[in-house]
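Visitor: when you get a sec, could you give me coordinates for this:
(one chain, ligands or ions: 1)
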Amino acid sequence: MQYNISDNMSDVKGSIIRELFKLAKDPNMIAFGGGNPSPETFPVEEIAEITAKVLKEDPVSVLQYGLSEGYTPLRETMKKHLEKVEGISFENNELLIVSGGQQAADLATKVLVNRGDVILTEDPAFIGCLNTFRSYGAKLVGVPVESDGINVEKLEEALKENENVRFLYTIPSFQNPTGITMSAEKRKKVYELCQKYDVLIFEDNPYGELRFSGESVKPIKALDTDGRVIYSGSFSKVMAPAFRLGFVVFDKELTGRMTVAKQCTDVHSTVLFQHICNEYLTNYDYGGHIAKTREVYRRKCDLMLNEMEKKMHPKVSFNRPEGGLFVMAFLPEGVDSFPFVQEGIKRGVYCVPGVAFSADPSVPSNGFRMNYSTPSDEQIIKGVDILGKLSYEWLEK
Ligand SMILES: Cc1ncc(COP(=O)(O)O)c(C=O)c1O
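Guide: Got it, this is the predicted structure:
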């Protein structure tokens, strides 16, 4: 059979990470390449308890079709939570429950982007959303990320030089893949620049609650007075990724369009898990759970960074994340990280080469992403030791 693949999908390559993910099944492989939350953070007992309760008390509600907009009590809970914790006002904004943060990006692109339109993106950025944008025929234009967030001079150049820019894609807190957090000053500047050039912002914030050091910074959405920012969040990293639940906040004017987009895609998100989330957020110790989760990641991140400081060649640089799940290491400028990562895999440890997160994957990257949330302490120590030895061989050959 000869299949004609659609224009939208023919150029989209599968995620390198999901391919590498298969390597994690090898019990001898040390996995720094994934992005999974640590299983010890899952509130397993509480989920079991709530599931039994809702299935007993109200089975029909949780097994029947639900509203496309989401389970109303969960939407209200999240609005209050975001108002209190993130400073997001709901006077002119609406919130829909979606099937993960990935779907928030999908729906926003479906509603706002035509083939050939430009999406500006932090470079590097999360491959899942970059591929979503590509699947709608968007042209990606990368803007480099610095230690305090996106380079705003380059952002202004990109805003000036490109026509039909639909939105800027940014992950301001504990960015995936770099672990970098955008400063409050830059958030303001980014918002003002997008105002000046009349461009929307898609702010992706799945890690926002996972800060384990430094001062908290409000999201760009908290500055939004003209409906410019579409804000997305996720339950994947604070509850469990298999729930496939997230939320998207946008100006009320877009409610109809976003709801229809959701209906076209999957009708509604899982009702049972929405009930579980709402019950957990309202009647259990969510604050305590987040505090424990942060502590797990603070400890694991410190361990990985301390080992990297001791073991990596001094020419390998890396940032110090204040939250989230990732740190990105950089070989010296001009040294391609891809063969380095491949050699690491041969020696039993895998990371993700920076090129996987590039707006233009034809340009080699010297970075590689390391995840500290899933490997055990022993694996972190052993894996960094392997990479450290490799870095000396690689950079001194
Ligand atoms: C930056 C970023 N955005 C969105 C997502 C999608 O998350 P989910 O669809 O599980 O909510 C991820 C997942 O790793 C991510 O890192």
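
Visitor: what packs against the helix or strand hosting K382?
Guide: Element membership for K382 (DSSP states H and E) is helix 377-396. With contacts taken as 3 or more Cβ pairs under 8 Å, 6 or more residues apart in numbering; DSSP states H and E, helix 377-396 sits against strand 30-31, helix 286-311, helix 337-346, strand 349-350. Every residue, glycine included, has its C-beta placed from N, CA and C.

Visitor: got the contact list for the closest residue to L55 other than its chain neighbours?
Guide: With Cβ to Cβ, 6 or more residues apart in numbering as the criterion, L55 has its nearest non-adjacent residue at 6.7 Å, and that residue is V62. Shown in contact with V62 (Cβ atoms under 8 Å, 6 or more residues apart in numbering): 54-55, 271-272, 275.

Visitor: helix or strand next in line after the helix or strand containing V62, which one?
Guide: Take DSSP H and E as the rule and V62 turns out to sit in helix 59-63. The helix or strand immediately downstream of helix 59-63 is helix 72-86, counting by DSSP H and E.

Visitor: which residues touch that following helix?
Guide: By Cβ under 8 Å, 6+ apart, helix 72-86 touches 69, 88-90, 95-97, 208-209, 218-219, 221-222, 233, 247, 249, 274-275, 277-278, 281-282.

Visitor: and L23, what's its pLDDT?
Guide: According to the prediction, L23 has pLDDT 67.

Visitor: domain ranges for the chain?
Guide: Taking automatic domain parsing as the criterion, the chain consists of the domains 7-43+288-396, 65-283.

Visitor: and the ligand, which of the ones you listed is closest to it?
Guide: domain 65-283 (2.6 Å; Cβ to the nearest ligand atom).

Visitor: phi, psi for E122 please.
Guide: phi -50, psi 140 (degrees, to the nearest 10).

Visitor: and if you look at G208?
Guide: According to degrees, to the nearest 10, G208 has phi -50, psi -40.

Visitor: same question for the one 4 residues further on.
Guide: With angles defined as degrees, to the nearest 10, F212 sits at phi -120, psi 0.

Visitor: what's near enough to touch it?
Guide: By Cβ under 8 Å, 6+ apart, the neighbours of F212 are 294-295, 297-298, 301, 322-323.

Visitor: now do E146
Guide: I180.

Visitor: can you rerun that using 10 Å?
Guide: 152, 154, 178, 180, 182-183, 186, 319 (Cβ atoms under 10 Å, 6 or more residues apart in numbering).

Visitor: equivalent analysis for R115, please.
Guide: The contact partners of R115, by Cβ under 10 Å, 6+ apart, come to 7-8, 136-139.

Visitor: what about it, which SS state?
Guide: coil (DSSP: H, G, I helix; E, B strand; the rest coil).

Visitor: how much space between it and N164?
Guide: 11 Å (Cβ to Cβ, to the nearest Å).

Visitor: shared neighbours of the two, which are they?
Guide: 138-139.

Visitor: tell me where the stretch 51-200 of the chain has strands.
Guide: Under the criterion DSSP state E, counting those that start in this stretch, the stretch 51-200 of the chain carries strands at the ranges 93-98, 118-123, 139-146, 149-150, 165-170, 200-204.

Visitor: S6: what's it in contact with?
Guide: 12, 135, 137.

Visitor: quick check, nearest of these to V199?
Guide: G137 (18.4 Å; Cβ to Cβ).

Visitor: so how do I select the buried members of the contacts of R115 in ChimeraX?
Guide: Selection of buried members from the contacts of R115 for ChimeraX, criterion 16 or more other Cβ atoms under 10 Å:
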select :136,137,138,139
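
Visitor: just the contacts of R115 now: which is nearest F357?
Guide: A138 (16.3 Å).

Visitor: test my guess that that closest one contacts K110.
Guide: No - with contacts counted by Cβ atoms under 10 Å, A138 stays clear of K110, the gap being 11.1 Å.

Visitor: mind listing the shared neighbours of the two?
Guide: With Cβ under 10 Å, 6+ apart, A138 and K110 have common neighbours T132.

Visitor: about what we covered before: any chance of the contacts of S6 in TSV, plus distance to the ligand?
Guide: Formatted as TSV, those follow (distance: Cβ to the nearest ligand atom, whole Å):
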residue	distance to the ligand
V12	16
S135	15
G137	21
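
Visitor: restricted to helices, list those.
Guide: S135 (DSSP state H).

Visitor: in the contacts of S6, which has the lowest confidence score?
Guide: Minimum pLDDT for these is recorded at V12 (80).

Visitor: can you count the residues close to it?
Guide: Number of residues near V12 (other Cβ atoms under 10 Å) recorded here: 17.

Visitor: the ligand contacts on the protein?
Guide: Neighbours of the ligand within the chain, by Cβ under 6 Å from any ligand atom: 35, 100-102, 126, 128-129, 171, 176, 204, 206, 234, 236, 241, 246.

Visitor: let's go with 8 Å and repeat that
Guide: Contact residues, the chain versus the ligand (Cβ under 8 Å from any ligand atom): 35, 99-105, 125-126, 128-129, 171, 175-176, 204, 206-207, 232, 234-237, 241, 244-246, 325.

Visitor: mind listing which of those are in helices?
Guide: Counting by DSSP H, the residues of the chain next to the ligand contribute 101-105, 128-129 to helices.

Visitor: next up, the contacts around A291.
Guide: By Cβ under 10 Å, 6+ apart, A291 lies in contact with 212, 285.

Visitor: alright, calling it a day.
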